[in-house]
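In: my questions are about this predicted structure, shown below with the sequence.
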Amino acid sequence: MNYIIKNTHDFSSMYINNFYNKIPDYKKEKITNIIEKSSKKKSIIGEILLNKLLKNNNIDYTSSNYCQNQYGKPYLTNHSIFFNISHSYDYIITITSHKEIGVDIEKIRKTSLSTINHFATKKEKEYILSSPHNIEERLFKIYTLKEAYFKMLGTNLNNILTIEFIINKDTINCSDKSVKVGFINSIEGYIIAYCEKA
């Protein structure tokens, strides 16, 4: 597993625009359809980071064959490497692995506690609400793990309550024993979770 995390401000507009021309046509078409300028920029930066990671594996970004599954998850058809991209506010992470992998990054922020009813199981709710302190941090820990899990699978979140994560002081237990899960603790104020096929 390898990853790169970058701030959007680390890249000049000229660099981003120049790289845009290297992006494969089907990806370029998706990016062109993004209306919000900042989201478009983040999508291009995600591809810049993917290019760097593929290069580290001696894979040429521009000549690789990309496809996407029925839910829109992209994958390479001519190399046995998997990747995933996530962004939140000013940060973007791109991750690669030789096994199926998903990643999610979220900025810790105030949010309505009622949202936990949409994604958390009973035990996960107990964990989130276990103390009045750092509730948002615990909420986003569970949420990012769930996002990363379904991004690894390459499906939507319709079955989000069928998977459960139990977080203890030093361990994370997933109800799906066929995956390896964890946090990447490198940016203060953000939660980054990954799920990888074991």
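Out: The structure has been received and is ready for your questions. Numbering: from 1, shown residues only.
In: need the contact list for I101.
Out: M1, F82, F83, N84, I95, M152, Y194, C195, E196, K197 (C-beta atoms under 8 Å, 6 or more residues apart in numbering). Placement of C-beta: from N, CA and C, glycine included.
In: D10: which of these is nearest?
Out: Distance to D10 across these (C-beta to C-beta) is lowest for I95, with 17.6 Å.
In: where's the closest one, which helix or strand?
Out: Following DSSP states H and E, one finds I95 within strand 91-97.
In: how far off centre is that strand?
Out: Offset of strand 91-97 from its chain centre (C-alpha atoms, centre = their mean, to the nearest Å): 7 Å.
In: same question for the helix or strand following that strand, mean pLDDT?
Out: Using DSSP H and E, the next helix or strand after strand 91-97 towards the C-terminus is strand 101-107. For strand 101-107, the mean per-residue pLDDT is 97.
In: per-residue confidence averaged over the next helix or strand after strand 101-107?
Out: Going down the chain from strand 101-107, the next helix or strand is helix 116-119, by DSSP H and E. For helix 116-119, mean pLDDT is 95.
In: figure out how far helix 116-119 is from the centre of its chain.
Out: Helix 116-119 sits 19 Å away from the centroid of its parent chain (C-alpha atoms, centre = their mean).
In: re earlier: CA atoms only: put the strand holding I95 into PDB for me.
Out: C-alpha atoms of strand 91-97 as PDB (Å, rounded to 0.1, in the frame of the first residue of the first chain):
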ATOM      1  CA  TYR A  91      -6.700  17.900   1.000                       C
ATOM      2  CA  ILE A  92      -6.600  15.100  -1.500                       C
ATOM      3  CA  ILE A  93      -5.300  11.500  -1.000                       C
ATOM      4  CA  THR A  94      -4.600   9.000  -3.700                       C
ATOM      5  CA  ILE A  95      -3.700   5.400  -2.700                       C
ATOM      6  CA  THR A  96      -2.500   2.300  -4.500                       C
ATOM      7  CA  SER A  97      -2.200  -1.400  -3.600                       C
END
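In: sheet partners, orientation included, of it?
Out: strand 2-7 (antiparallel), strand 82-88 (antiparallel) (DSSP bridges).
In: quick one: low-confidence ranges for the chain?
Out: Judged against pLDDT under 70, the chain has no low-scoring part.
In: ranges for the strands of it?
Out: 2-7, 66-68, 74-76, 82-88, 91-97, 101-107, 165-167, 172-174, 179-183, 190-197 (DSSP state E).
In: could those strands go into CSV alongside distance to L139?
Out: Below are the strands of the chain laid out as CSV (distance: least, C-beta to C-beta, whole Å):
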stretch, distance to L139
strand 2-7, 21
strand 66-68, 30
strand 74-76, 29
strand 82-88, 14
strand 91-97, 18
strand 101-107, 9
strand 165-167, 12
strand 172-174, 15
strand 179-183, 14
strand 190-197, 9
